[in-house]
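Colleague: could you work out the structure for the sequence below:
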Amino acid sequence: MDIPLTRSTLIDLVKRASAPITTAFGLPLAYQGKDGRDAIAAAVTDIDHAIQDTLMGLLAGDFIGEEVGGRFTETHTSWLVDPLDGTGARIRGLASATCIVTLMQTHNGVGRPLLTVIHNPVTQQTWSAQANAGAFYQYADGPEHQCVLDTHSSLPEKILSTITLWPGTDFHFDEVKNSVQANSRFDNQDFGALGSAHATVATGTTHLSACRASAAYETAAAALLMQEAGGVVYDLNGANLILDGFPLQNKDGKHTFLIPNGAVVASSEAVAQEFLQIVRLINF
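Modeller: Just a heads-up that it's a prediction; the model follows:
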């Protein structure tokens with residue numbers, strides 16, 4: 001599919017739209033602006049609206065926004081937008097929350113990511129990827145660096161990981177996380193934001209990011225980053241999310257892409273299987 005906008009155009013759009021997040025960073029989440037509105041909540045909603053209006057002008061299609069819901073058309077393209085991924089991190093004062101925008105192409109009810117940008121407006125870090133054109137990382141206004149991973153590489157001596165615990169009783173993920181934390185092969189830390197956690201795998205800063213459940217806002221972006229950088233993405237049952245894509249689902253009358261069985265984002269096949277073995281021993 002020909003995309004009528006460049007990766008750099010989308011990067012500039014996301015940077016401009018997410019800039020208001022930085023003005024309220026360090027303030028309490030319930031900080032009241034002069035107009036009486038919750039400043040962060042208002043900024044996030046405004047970002048979602050601004051990105052939606054601009055994206056529709058660039059390439060009309062479905063819009064699935066984490067804040068303001070969706071707009072649905074008869075096209076085969078979908079924009080997925082999470083204007084502030086990592087609200088929990090923001091509440092705790094961590095500088096890991098990001099703005100994520102991904103373009104999906106749908107065919108026979110399955111979506112595949114074509115273009116994605118993950119931008120942290122506080123740290124000025126940007127990860128981006130385009131199908132068949134590579135994955136890239138940029139800090140502030142510095143040069144872009146291509147992300148290159150070796151999926152066939154052996155296990156590192158220490159697996160730097162982010163295992164995120166989500167609520168739920170259908171999967172023993174709390175036991176998985178505890179097992180990882182007790183395993184000397186893993187060095188686990190929590191970024192508090194899935195977008196940041198997944199993105200650092202693409203740059204080789206960490207080796208693994210996994211969660212029990214994740215909407216496609218984060219996981220589709222990670223899948224494209226891994227596809228272009230050379231990493232792997234599975235769900236917790238071992239299904240390859242890069243190859244299998246993201247089913248389009250109708251939930252409560254709303255179209256969305258969901259990953260019901262979580263996500264395992266890894267820098268190599270060996271790292272992914274080391275973690276999935278722990279999952280299998282505990283859950284199956």
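Colleague: so the most centrally placed residue in the chain is in which element?
Modeller: Residue closest to the average C-alpha location in the chain (Cα atoms, centre = their mean): Glu218, at 2.3 Å. Per DSSP states H and E, Glu218 falls inside helix 216-229.
Colleague: how far away from the center of its chain is that helix?
Modeller: 7 Å (Cα atoms, centre = their mean, to the nearest Å).
Colleague: contact partners of the helix or strand that comes right after that helix?
Modeller: Downstream of helix 216-229, the first helix or strand assigned by DSSP H and E is strand 232-234. Strand 232-234 has contacts (Cβ atoms under 8 Å, 6 or more residues apart in numbering) with 151, 219, 222-223, 226-227, 240-242, 263-266, 268-269, 272, 276. Using the backbone N, CA and C atoms, a C-beta is placed for each residue, glycine as well.
Colleague: what does stretch 7-17 give?
Modeller: Contacts for stretch 7-17 (Cβ under 8 Å, 6+ apart): 47, 50-51, 54-55, 58, 83, 99, 101, 103, 115, 117, 119, 121, 126, 128-130, 133, 136, 138.
Colleague: filter the residues you listed down to the buried ones.
Modeller: Neighbour-count burial (16 or more other Cβ atoms under 10 Å) applied to the contacts of stretch 7-17 gives 47, 50-51, 55, 83, 99, 101, 103, 115, 117, 119, 121, 126, 128-130, 136, 138.
Colleague: strands - which of those land there?
Modeller: Here DSSP state E is the test, and the buried ones among the contacts of stretch 7-17 give 83, 99, 101, 103, 115, 117, 119, 126, 128-130, 136, 138 as lying in strands.
Colleague: closest to Ser184 among those?
Modeller: Nearest to Ser184 among these: Ala129, at 33.1 Å, using Cβ to Cβ.
Colleague: Met104 versus that closest one, what's the distance?
Modeller: 13 Å (Cβ to Cβ, to the nearest Å).
Colleague: over to Tyr137?
Modeller: 22 Å.
Colleague: those two: who's more crowded?
Modeller: Taking neighbours as other Cβ atoms under 10 Å, Tyr137 and Met104 compare with Met104 leading, 26 against 23.
Colleague: what helix or strand does Ser78 sit in?
Modeller: Per DSSP H and E: strand 77-85 holds Ser78.
Colleague: report all helices and strands that that strand contacts.
Modeller: Judged by 3 or more Cβ pairs under 8 Å, 6 or more residues apart in numbering; DSSP states H and E, strand 77-85 is in contact with helix 39-58, strand 62-65, strand 98-107, helix 194-202, helix 216-229.
Colleague: please redo it, this time with the cut-off set to 6 Å
Modeller: helix 39-58, strand 62-65, strand 98-107, helix 216-229 (3 or more Cβ pairs under 6 Å, 6 or more residues apart in numbering; DSSP states H and E).
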